[in-house]
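**Student:** Mind looking at a prediction? Sequence and model below.
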Amino acid sequence: MLEKLWTMTRFLSDSVQKRFNLRIVFFITLLSFLSTLVYFYFIYNPIPTKPDLCRIWENDPNKSNTSLLWWQWACLIEKEIDKPYPYQCQNVKTVGNWYICWDKPYRPRKPCIVYSFGINFEFSFDDAMAERGCTVYSFDPSMGVTDHKHSSRVYFKNMGIGAKDVDDFIPNFDGYVQLTQRWKMRTLKSIRKMLGHENAVIDVLKIDIEIYEWPVVANFLQDEMFQHVRQFLVEWHIFPNEPNRAEFQQMYKSFTELEKVGMKYFYVDSGSRYHHYRYWNSQSDMCYVNTKFKLPSQ
């Protein structure tokens, strides 16, 4: 009797062990399958490049500019960027990590003023402009650094440029913002008033502010801020999930409005372009001179 009981116990134990082993094998197989999917979807081919929606749409015989989708407005923006330079600068100088046109009508004049928005601890442009005798105001609320004098001619402000004045702006998470922050933001009109520059020439206005340039430039146009700016440097961004898709028509309008107010670019550096339904990205550095520049009335 005891022997039969022992045999039955061993049989049950072996059955439980086999079922347990099968579960382990099933779990490992499932994990391997999911790992393979993740590898091929995100790692082996992290950025899909085909089909290129802009190229497909460009060759569409029924293409029109009415009732466009957000990505079609993005294609039109890139088409504008890729046009021949409307201004041919004869004396382009590398200044830090940007380019300045030193042609006589547009070159900075001492005592020159430079506004630089978006630093991320990279002051090469700001320092280089200071070495050329300009007073530079550097702005970046993402660094977590208080207002200070960076060097003899460079003044840092813990503040951002915005489309409206707010004290508790909450930015999106990205490569520069990985914790919840609250920023002080001011329009260019308010910043000029704060610094006593309402009747001053801004020789160079530079913004590299990670997708926020679109509403900010729209605000510049609305407030007529470009008329007393000699040169404008900007990095345009379109990220896979930003800006909001509903804003692209207004983005195109603001972009094309720049030339109407006299801003003509003399340098472009575009890259990271991907036009896929699953991954859309586009970035361009552009440098403009103001062909309708005028001195402020004193």
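**Tutor:** Okay, I see it. Residues are numbered from 1 along each chain as shown.

**Student:** show me what contacts Lys264?
**Tutor:** Contacts of Lys264 were listed using Cβ atoms under 8 Å, 6 or more residues apart in numbering, and they are 85-87, 288-289, 291. From N, CA and C alone the C-beta is placed, and that goes for glycine too.

**Student:** how about 10 Å then?
**Tutor:** 85-89, 258, 288-292 (Cβ atoms under 10 Å, 6 or more residues apart in numbering).

**Student:** Same check on Asn244?
**Tutor:** Asn244 sits next to 70, 211, 214-215, 251 when contact means Cβ under 10 Å, 6+ apart.

**Student:** now do Thr146
**Tutor:** Contacts of Thr146 (Cβ under 10 Å, 6+ apart): 156-158.

**Student:** Buried among those residues? Make that a ChimeraX selection.
**Tutor:** Buried members of the contacts of Thr146, defined by 16 or more other Cβ atoms under 10 Å, are picked up in ChimeraX with:
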select :156,157,158
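
**Student:** average pLDDT across stretch 230-240?
**Tutor:** Mean per-residue pLDDT for stretch 230-240: 97.

**Student:** any chance you could map the helices in the stretch 151-298 of the chain?
**Tutor:** For the stretch 151-298 of the chain, the helices defined by DSSP state H, counting those that start in this stretch occupy 188-194, 213-222, 248-260.

**Student:** So Val217 is in contact with Glu257, correct?
**Tutor:** Yes: contact criterion Cβ atoms under 10 Å: Val217 and Glu257 qualify, at 8.6 Å.

**Student:** rewinding a little: farthest pair in the contacts of Asn244?
**Tutor:** Across those, the longest distance by Cβ to Cβ is 15.7 Å; it joins Trp70 and Pro215.

**Student:** one step back: which of the contacts of Asn244 count as buried?
**Tutor:** Neighbour-count burial (16+ other Cβ under 10 Å) is assigned, among the contacts of Asn244, to 70, 211, 214-215, 251.

**Student:** Now tabulate the residues you listed in CSV and tack on distance to Asp168.
**Tutor:** Formatted as CSV, the buried ones among the contacts of Asn244 follow (distance: Cβ to Cβ, whole Å):
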residue, distance to Asp168
Trp70, 29
Ile211, 19
Trp214, 21
Pro215, 17
Met251, 25
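
**Student:** so how far is Asn97 from Thr148?
**Tutor:** Not quite, residue 148 is His, not Thr. 22 Å (Cβ to Cβ, to the nearest Å).

**Student:** quick one on the thing from earlier: nearest to Asp52, of the buried ones among the contacts of Asn244?
**Tutor:** Checking the buried ones among the contacts of Asn244 against Asp52 with Cβ to Cβ, the nearest one is Trp70 at 16.2 Å.

**Student:** is it true that that closest one touches Met251?
**Tutor:** Yes: if you go by Cβ under 10 Å, Trp70 and Met251 touch, sitting 9.3 Å apart.

**Student:** Now the common contact residues for these two.
**Tutor:** Common contact partners of Trp70 and Met251 (Cβ under 10 Å, 6+ apart): 238, 243-244.

**Student:** closest to Gly271 among those?
**Tutor:** For the shared contacts of Trp70 and Met251, the nearest to Gly271 is Ile238 (12.1 Å; Cβ to Cβ).

**Student:** List the residues that contact the residue lying closest to that closest one once chain neighbours are set aside.
**Tutor:** Counting by Cβ to Cβ, 6 or more residues apart in numbering, Ile238 lies nearest to Ser282, which is 4.3 Å off, once chain neighbours are set aside. By Cβ under 10 Å, 6+ apart, the contact set of Ser282 is 54, 74-75, 77-78, 81, 236-239, 270-275.

**Student:** now Gln72
**Tutor:** 53-54, 57, 60, 63-65, 248-249, 252.

**Student:** Between helix 248-260 and the longest strand along the chain, find me the angle.
**Tutor:** The longest strand of the chain (DSSP state E) is strand 263-275. For strand 263-275 against helix 248-260, the angle by axes from the mean of the first three to the mean of the last three Cα atoms, to 10 degrees is 150 degrees.

**Student:** Can you give me the buried ones in strand 263-275?
**Tutor:** Of the residues in strand 263-275, 263-267, 273-275 count as buried by neighbour count, 16+ other Cβ under 10 Å.

**Student:** The nearest residue to Val92 once chain neighbours are set aside sits in which helix or strand?
**Tutor:** Closest residue in space to Val92, ignoring its immediate chain neighbours: Tyr99 at 5.4 Å, by Cβ to Cβ, 6+ apart. If you go by DSSP states H and E, Tyr99 is part of strand 98-101.

**Student:** Parallel or antiparallel, list what pairs with that strand.
**Tutor:** Strand pairing for strand 98-101, using DSSP bridges, gives strand 92-95 (antiparallel).
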